[in-house]
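In: no FASTA, just this:
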């Protein structure tokens, strides 16, 4: 006897919509079991993780700010994933975008050793450099794939570590604040190089508006333009796309550029909106978590918007659970991994039906 997976002739639309919801509920149930094994109350953990962060104005602002980079990166990844291309290195593109945009903030800094070069143009230029940096870094695995046939999965992933170590070298060396008591950080950015707050004395900054704009633009591009049709067609039927005369090389380079550009934009938004300086680590793993966000959101921009808020909730809730319940912060990463496995499993059962074949069957 064996178990086979038989493709469904036409996957149910309602099953596809319900799959991520079921996956989330299943992941929460598994997480509750883990919490119980740690000797804590699953009910209390659920409240701390998912209810408490929604009960105060400051935590709602933190939720939006935390979700912003996840949503931006995941929207970019959705272009690659829809084309059946696998950019796993968004974390590195995030770092490069933040570093390149942050370089301009350091170069125009009104410090003790140079004149101020401040002006209205600095912040837009930083955003542009972030996009360019992320896009160029993403083009490395794209070009290797279309010219040499190198797996974009391996090359994009390995480039993450190069970006991380490169930023670490810069903030410990040439970019280190000379008056920073030997800590590996850059100088604090000038006001002209930081994103303005949307609420007085609040954490909500203008980067959230850029994220919403990206979601709207991506939804239109994917649903209403010829380029979006080409991306979807290459993912669903690559042979048909080639027969129609669409260029696989062009699509590969384009979706990687979009994906890397949005990841780089997320990086400079995080640096200029939250951290306000460069340091060895500017990401708690946004680039990898965004992969979960993309699939949980069904690779649709507005679905990704909701999924990003859910995953951001786990980050904030995890920090609260560490304080209130003494739960390890790594439990949040474990939950996110469980959620990804549940989403992938739900997708399998949505697209395939299980068939048991007896030993006599052929």
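Out: Right, received. Where do you want to start? Note that this is a predicted model, so its numbers are computed, not measured.

In: The closest residue to residue 134 other than its chain neighbours: helix or strand, and which one exactly?
Out: Excluding the flanking residues, the one nearest residue 134 by CB to CB, 6 or more residues apart in numbering is residue 264, at 1.9 Å. C-beta coordinates here come from the backbone N, C-alpha and C atoms, glycine included. Per DSSP states H and E, residue 264 falls inside helix 248-270.

In: Quick one: name whatever helix or strand follows that helix.
Out: Toward the C-terminus from helix 248-270 - assigned by DSSP H and E - lies helix 286-296.

In: what's in contact with that next one?
Out: 20, 23-24, 69-71, 73-75, 77-78, 81, 88-94, 160, 263, 266, 270, 303-304, 307-308, 310-311, 336, 339-340, 343-344, 347 (CB atoms under 8 Å, 6 or more residues apart in numbering).

In: Report the mean per-residue pLDDT for that helix.
Out: The average of the pLDDT scores along helix 286-296 is 93.

In: Excluding chain neighbours, give the residue nearest to residue 211 in space.
Out: residue 68 (4.5 Å).

In: Tell me if I'm right that that neighbour and residue 207 touch.
Out: Yes. Between residue 68 and residue 207 there is a contact at 5.5 Å, judged by CB atoms under 8 Å.

In: Overlap of the contact sets of these two?
Out: Common neighbours of residue 68 and residue 207 (CB under 8 Å, 6+ apart) are residue 269.

In: Assign a three-state SS to the residue nearest to residue 211, would you?
Out: Three-state assignment for residue 68 (DSSP: H, G, I helix; E, B strand; the rest coil): helix.

In: thinking again about what came up before, in ChimeraX, select just the buried ones from the contacts of helix 286-296.
Out: Buried residues within the contacts of helix 286-296, by 16 or more other CB atoms under 10 Å, are selected in ChimeraX with:
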select :20,23,24,69,70,71,73,74,75,77,78,81,88,89,90,91,92,93,94,160,263,266,270,303,304,307,308,310,311,336,339,340,343,347
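
In: Quick one: distance of the helix or strand containing residue 131 to the chain centre.
Out: According to DSSP H and E, residue 131 maps onto helix 122-148. Taking the mean of its C-alpha atoms, helix 122-148 sits 16 Å from the chain's own mean (CA atoms, centre = their mean, to the nearest Å).

In: cool, stretch 170-184 as well?
Out: Relative to its parent chain, stretch 170-184 has a centroid offset of 28 Å by CA atoms, centre = their mean.

In: Show me the strands in this structure, by range?
Out: Along the chain, counting by DSSP state E, strands occupy 2-7, 352-357.

In: Looking at the ones you listed, which one is packed in the most?
Out: strand 352-357 (a mean of 12; mean count of other CB atoms under 10 Å).

In: For residue 108, see how far away the most centrally placed residue in the chain is.
Out: Nearest to the geometric centre of the chain sits residue 290, at 2.9 Å (CA atoms, centre = their mean). Taking CB to CB, to the nearest Å as the measure, residue 290 falls 30 Å from residue 108.

In: on contacts alone, who are the packing partners of the helix holding residue 264?
Out: helix 57-82, helix 90-107, helix 122-148, helix 207-224, helix 226-236, helix 238-243, helix 286-296 (3 or more CB pairs under 8 Å, 6 or more residues apart in numbering; DSSP states H and E).

In: mind redoing it with 10 Å?
Out: helix 57-82, helix 90-107, helix 122-148, helix 152-172, helix 207-224, helix 226-236, helix 238-243, helix 286-296 (3 or more CB pairs under 10 Å, 6 or more residues apart in numbering; DSSP states H and E).

In: Could you tell me the least trusted of the ones you listed?
Out: helix 238-243 - the lowest mean pLDDT of the helices and strands packed on helix 248-270, at a mean of 88.

In: Okay, buried residues for the helix holding residue 131 please.
Out: 122-123, 125-146.

In: Equivalent analysis for stretch 270-288, please.
Out: 270-279, 282-283, 286-288.

In: possible to save the strands of the chain as a markdown table with distance to residue 189 and mean pLDDT?
Out: Listed next are these as a markdown table, based on distance: least, CB to CB, whole Å; pLDDT from 0 to 100:
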| stretch | distance to residue 189 | mean pLDDT |
| --- | --- | --- |
| strand 2-7 | 52 | 77 |
| strand 352-357 | 51 | 79 |
